[in-house]
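>>> What follows is a predicted protein model with its sequence.
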Amino acid sequence: MTTVRARLVLPLNQPPIEDGAVTIHNGRIASVGSWDSYHASASNTVIDLGSRILMPGLVNTHCHLDYSNMAGKIPPPSDFPAWIKSILVLKSHWDYSDYAQSWLTGAAQALHTGTTTLADIEAVPELLPHVWESTSLRLISLLEMTGVRSGQNPEATLSQALSFLNNLPRSSHRSLGLSPHAPYSTSAQLLRLTGLAAQEFNLPLAIHAAESYEEFEMFMAGRGPLFDWLKSQRDMTACGLGSPIRYLHQQGLLSPRLLAIHVNYLAPEDLQLLVTNRVNVIHCPRSHRYFDHAPFPFQSMRDAGINICLATDSLASIHKNQGQLPELNLFEELRAFTTTNPQIAPEEILNMVTLNAAQALGRQGELGELRPNAHADLIAVPYNGNLSNCFDYLVNTIPTPDFIMIQGQTCVCPAS
Ligand SMILES: [Zn+2]
């Protein structure tokens with residue numbers, strides 16, 4: 001048994017505890033309470049963190065670790081297809097070791113900035129057996145599938161992904177899922193088959209959806225720069241008939257297991273489709289800013305009761321900050337979101353990278369909160385302020401955790 005004590009403990013499923021303690025046994029949380037109620041025993045190790053906020057590790061629901069070393073390499077584009085073309089050029093110059101190195105760089109950044117669980121889109125899944133063991137992060141690796149440019153048969157694309165997935169060892173630390181890339185880069189058949197496979201094998205599912213105006217225009221109106229670029233590459237018969245969200249619904253993809261990433265452009269009936277099918281929406285504030293999208297429809301989604309999470313996306317679509325390369329830091333996303341949405345309470349914003357994110361991944365009660373039997377994934381940041389300001393501090397100041405524990409194993413510990 002190990003007990004971690006701190007001046008403030010934020011379980012998130014209950015009010016903050018002053019002078020609190022979290023006891024850990026076999027990688028799981030055994031109890032959460034006040035230090036006074038904790039009874040020391042000789043077999044317990046105590047880690048006293050002093051003036052710190054102790055809280056659950058953050059959960060990043062959308063990332064592309066293998067693009068991390070593309071940070072700062074693509075200037076903000078004139079339109080969305082221009083960005084896709086730029087990243088395709090960049091990728092054509094990269095080999096396996098570039099992707100592997102990039103993945104590891106991203107994983108180290110995410111961990112050291114307080115992320116303990118990460119749902120990652122894997123464009124180069126072959127590297128997973130080699131990189132997984134190099135990080136302590138809890139990972140949900142979602143295998144990316146496209147097929148429009150390669151012209152590969154959808155059954156072959158899916159069976160290749162499923163066979164890869166079945167050959168990788170899984171644990172509570174490492175799990176797998178599927179990610180058809182986007183409505184415009186995949187065929188309708190691949191989407192239908194993937195939805196069925198995810199249901200059959202109980203897999204998490206992620207797709208970039210309604211990210212750009214150009215994608216919305218392509219499906220809604222059957223025109224625009226993305227339509228013009230892709231019309232010689234894919235079947236466009238579904239274009240001009242309805243929104244990207246309606247299109248995904250028609251392919252049977254909308255469900256509570258879906259992480260719908262971005263969702264910036266909605267037709268009037270889309271909100272109801274997302275609500276009825278209990279789809280999780282993942283908003284990436286800094287990526288949103290980089291592309292200069294229309295305002296994210298946060299308020300209407302929130303009022304409709306949609307589960308909304310905040311995530312980083314890849315570093316290939318985040319602005320440099322005063323000349324500095326961006327990092328995979330969820331605290332940066334919290335600050336970017338609160339800057340645009342100052343009316344939203346900091347507690348609610350923090351939930352979007354903890355409790356909501358756990359729900360989106362189907363891991364409620366296990367991740368994103370401190371409660372008995374949850375995974376012992378904890379972080380702590382130095383803090384000398386009042387209890388009443390602690391949430392405000394967390395979402396506004398980009399604090400640096402100096403204590404990080406995953407599955408009861410300490411990864412980072414403050415210098416004593
Ligand atoms: Zn993405």
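On my side now, so go ahead.

>>> contacts, neighbours, all on C-alpha from now
Fine.

>>> Show me the strands in the stretch 251-400 of the chain, by range?
258-262, 280-283, 308-310, 378-382 (DSSP state E, counting those that start in this stretch).

>>> Tell me which of these lies nearest to Val59.
Closest of the strands of the stretch 251-400 of the chain to Val59 is strand 308-310, at 9.0 Å (criterion: CA to CA).

>>> For the closest one, which helices and strands make contact with it?
Packing partners of strand 308-310 (3 or more CA pairs under 8 Å, 6 or more residues apart in numbering; DSSP states H and E): strand 58-63, strand 280-283, helix 330-340, helix 355-360.

>>> Need the winner for burial among the ones you listed.
Burial of the helices and strands packed on strand 308-310 is given as mean neighbour count (mean count of other CA atoms under 10 Å); strand 58-63 ranks first at a mean of 29.

>>> For that strand, give the mean pLDDT please.
Mean per-residue pLDDT for strand 58-63: 98.

>>> what angle separates that strand from strand 378-382?
Counting by axes from the mean of the first three to the mean of the last three CA atoms, to 10 degrees, strand 58-63 lies at 110 degrees to strand 378-382.

>>> Tell me how many other residues crowd the closest residue in space to Thr135 that isn't next to it in sequence.
Leaving aside its sequence neighbours, Thr135 sits nearest to Ala107 (CA to CA, 6 or more residues apart in numbering; 6.7 Å). Neighbourhood size, Ala107 [other CA atoms under 10 Å]: 27.

>>> Tell me the predicted confidence for Ala107.
The predicted local confidence for Ala107 is 98.

>>> what comes into contact with the helix or strand hosting it?
Element membership of Ala107, judged by DSSP states H and E, is helix 96-112. Contact with helix 96-112 is made by 64-69, 116, 124, 127, 131, 134-137, 327-330, 400-401, 404, 412, as judged by CA atoms under 8 Å, 6 or more residues apart in numbering.

>>> Report the buried members of these.
64-69, 116, 127, 136-137, 327-330, 400-401, 404, 412 (16 or more other CA atoms under 10 Å).

>>> show me where pLDDT drops low in the stretch 1-150 of the chain?
For the stretch 1-150 of the chain, applying pLDDT under 70 flags the ranges 41-42.

>>> all helices of it, in order?
Under the criterion DSSP state H, counting those that start in this stretch, the stretch 1-150 of the chain contains helices at 80-92, 96-112, 128-131.

>>> I'd like those helices written out as CSV, with distance to Gly147 added.
Formatted as CSV, the helices of the stretch 1-150 of the chain follow (distance: least, CA to CA, whole Å):
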stretch, distance to Gly147
helix 80-92, 14
helix 96-112, 20
helix 128-131, 21
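
>>> deepest of those, which one?
For those, average neighbour numbers computed from mean count of other CA under 10 Å are highest in helix 96-112, which has a mean of 19.

>>> now it, how far from the chain's geometric center?
Taking the mean of its C-alpha atoms, helix 96-112 sits 16 Å from the chain's own mean (CA atoms, centre = their mean, to the nearest Å).

>>> Ok, stretch 365-378 next?
Computed by CA atoms, centre = their mean, the separation of stretch 365-378 from the middle of its chain amounts to 18 Å.

>>> go on, stretch 67-83?
Distance of stretch 67-83 from its chain centroid, counting by CA atoms, centre = their mean, is 19 Å.

>>> repeat for stretch 6-14
Relative to the centre of its chain, stretch 6-14 is centred 23 Å away, using CA atoms, centre = their mean.

>>> CA-only coordinates of it, as CSV, when you get a sec.
C-alpha atoms of stretch 6-14 as CSV (Å, rounded to 0.1, in the frame of the first residue of the first chain):
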residue,chain,number,x,y,z
ALA,A,6,-1.4,16.7,-0.5
ARG,A,7,-2.7,20.0,0.8
LEU,A,8,-5.5,19.8,-1.7
VAL,A,9,-7.0,16.6,-3.3
LEU,A,10,-9.4,17.0,-6.2
PRO,A,11,-11.2,13.8,-6.7
LEU,A,12,-13.5,15.5,-9.3
ASN,A,13,-16.5,13.3,-8.5
GLN,A,14,-16.8,15.1,-5.1
